[in-house]
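Trainee: A structural model of the following input is requested.
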Amino acid sequence: MISLDKLTKVYGHGDHRTVVLDDLDFSVAAKEIFAVVGPSGAGKSTLAQCVNLLERPTSGSVVVNGENLSTLNEAQLRVARGRIGTIFQSDGLFSRRTAAQNVALPLEYLGVTAAESRRRVAELLERVGLSDRAGHYPHQLSGGQRQRVGIARALALRPSVLLSDEATSGLDPQSTASIVTLLKELRDDLGLSILFITHEMDTVLQVADSAARLERGRIVESGIIVDLLQNPHSVLGRALQPARAHASAEPGEVTWLLGYASSHVPADWLIRMSTTLATPIRLLGASIESVNGATVGHASVGIHGAEPERIQSVAAQLGLSARLETSASRAGSIADANADVVPDSLERVA
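Mentor: Prediction:
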């Protein structure tokens with residue numbers, strides 16, 4: 001388990017003082033993957049450096065399995081860092097060392113015997129599916145394979161916490177999916193606490209149990225992924241699964257955006273809603289999927305003639321949120337769907 005308590009990082013003094021991290025509080029339990037997302041400049045990189053104590057926090061603490069790492073001296077810290085394995089955005093492999101030699105590096109620093117090191121490296125490379133690439137150099141490996149070597153190296157000292165700092169950034173979708181699957185397997189098999197720092201919202205949906213939004217050095221929203229997605233008022237939830245472009249309403253139709261606000265929405269909700277309202281409902285578009293075992297998402301529908309209050313009441317009875325969609329909100333949804341980074345609308349969360 002890893003816990004941050006009032007973690008603060010300040011650079012400079014006086015008029016040149018800049019608060020990069022401001023009083024952060026959150027915990028990552030064993031077997032939990034906790035994602036931290038945010039735009040460039042939010043403080044994500046500094047957070048990663050403070051968690052593994054490459055940067056000393058100005059105040060507050062980083063606690064791993066009950067031990068406050070922030071109070072340790074340099075000698076003690078070198079030992080304690082072994083409890084936090086780090087996966088970097090760039091794989092960080094040494095070009096003149098083979099995959100096996102790169103994985104062995106932390107073991108060499110600790111003075112592990114050659115025989116024990118070989119055994120542990122073989123075990124780790126098998127664990128990440130690269131036993132047949134042990135003698136390959138980084139330039140002979142794909143981006144996803146290099147990142148797997150980085151993961152194996154991060155696990156060399158048997159950490160209880162894994163810090164992933166933009167580990168899937170720049171990877172193709174297939175490689176990203178394989179890394180996500182591997183991290184979830186490691187979480188389950190080794191009981192790891194994984195702090196997953198990223199700007200890739202699609203990846204958060206694939207990998208995380210919980211998520212927090214970091215803005216200007218502060219956590220402005222956090223929660224369990226499914227809860228965020230089912231909360232119609234959650235800005236982070238909307239960013240994780242933005243509304244997609246959909247067909248246009250026909251003359252006389254009003255467009256509504258219906259969201260899964262409960263884990264108990266019936267599969268035939270469209271028929272039930274149409275029957276209860278006694279009016280045809282036309283499906284214009286939908287983005288619905290299963291996340292951590294729960295069905296989440298939203299659908300755009302065209303409805304003739306029903307009163308707005310009645311539509312919202314019937315939707316609520318079915319476990320759905322209902323929002324009248326205007327041309328302005330639709331334009332915003334399309335813009336979010338086409339964005340490659342965290343939507344700008346999140347910059348305004350306070």
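
Trainee: the closest residue to residue 142 other than its chain neighbours in helix, strand or coil?
Mentor: Spatial nearest neighbour of residue 142, excluding adjacent residues (C-beta to C-beta, 6 or more residues apart in numbering): residue 175 at 6.9 Å. Backbone N, C-alpha and C define where each C-beta goes, glycine included. Per DSSP: H, G, I helix; E, B strand; the rest coil, the secondary structure class of residue 175 is helix.

Trainee: what's the neighbour count on residue 175?
Mentor: 18 (other C-beta atoms under 10 Å).

Trainee: if I look at it, how far off is residue 302?
Mentor: Distance, residue 175 to residue 302, using C-beta to C-beta, to the nearest Å: 40 Å.

Trainee: same check on residue 294?
Mentor: Counting by C-beta to C-beta, the gap from residue 294 to residue 302 is 27 Å.

Trainee: give me the helices and strands touching whichever helix or strand residue 49 is part of, please.
Mentor: Using DSSP states H and E, residue 49 falls within helix 44-51. If you count contacts as 3 or more C-beta pairs under 8 Å, 6 or more residues apart in numbering; DSSP states H and E, helix 44-51 packs onto strand 2-11, strand 18-28, strand 33-37, strand 161-165, strand 193-198.

Trainee: tabulate these in CSV, adding columns for mean pLDDT, mean neighbour count and distance to residue 154.
Mentor: Compiled in CSV, the helices and strands packed on helix 44-51 are given as follows (pLDDT from 0 to 100; neighbours: other C-beta atoms under 10 Å; distance: least, C-beta to C-beta, whole Å):
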stretch, mean pLDDT, mean neighbour count, distance to residue 154
strand 2-11, 94, 18, 14
strand 18-28, 94, 18, 16
strand 33-37, 96, 25, 15
strand 161-165, 93, 24, 6
strand 193-198, 95, 24, 11
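
Trainee: tell me where the chain has strands.
Mentor: 2-11, 18-28, 33-37, 59-64, 67-68, 84-87, 161-165, 193-198, 210-215, 218-224, 253-260, 281-291, 294-304, 320-324 (DSSP state E).

Trainee: could you dump those strands into CSV with distance to residue 238 added?
Mentor: Listed next are those as CSV, based on distance: least, C-beta to C-beta, whole Å:
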stretch, distance to residue 238
strand 2-11, 26
strand 18-28, 21
strand 33-37, 13
strand 59-64, 30
strand 67-68, 37
strand 84-87, 28
strand 161-165, 24
strand 193-198, 18
strand 210-215, 11
strand 218-224, 11
strand 253-260, 9
strand 281-291, 12
strand 294-304, 9
strand 320-324, 11
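
Trainee: figure out which of these is closest to residue 48.
Mentor: For the strands of the chain, the distance to residue 48 is smallest for strand 161-165, at 4.2 Å, taking C-beta to C-beta.

Trainee: walk me through which strands that closest one pairs with, and which way each runs.
Mentor: Here strand 161-165 is paired, per DSSP bridges, with strand 84-87 (parallel), strand 193-198 (parallel).

Trainee: name the residues that touch stretch 305-315?
Mentor: For stretch 305-315, the surrounding residues in contact (C-beta atoms under 8 Å, 6 or more residues apart in numbering) are 252, 256, 258, 273, 276-277, 279, 303, 321-322, 324.

Trainee: show the buried residues in the residues you listed.
Mentor: In the contacts of stretch 305-315, burial by neighbour count holds for 256, 258, 273, 276-277, 303, 321-322, counting by 16 or more other C-beta atoms under 10 Å.

Trainee: of those, which is the nearest to residue 33?
Mentor: Comparing the buried ones among the contacts of stretch 305-315 against residue 33 with C-beta to C-beta places residue 321 closest, at 26.5 Å.

Trainee: now the nearest residue to that closest one once chain neighbours are set aside: how far from residue 323?
Mentor: Among residues not flanking residue 321 along the chain, residue 232 sits closest, at 3.8 Å (C-beta to C-beta, 6+ apart). The spacing between residue 232 and residue 323, counted by C-beta to C-beta, is 7 Å.

Trainee: overlap of the contact sets of the two?
Mentor: Listed as contacting both residue 232 and residue 323 by C-beta under 8 Å, 6+ apart are residue 259.

Trainee: thanks a lot, see you next time.
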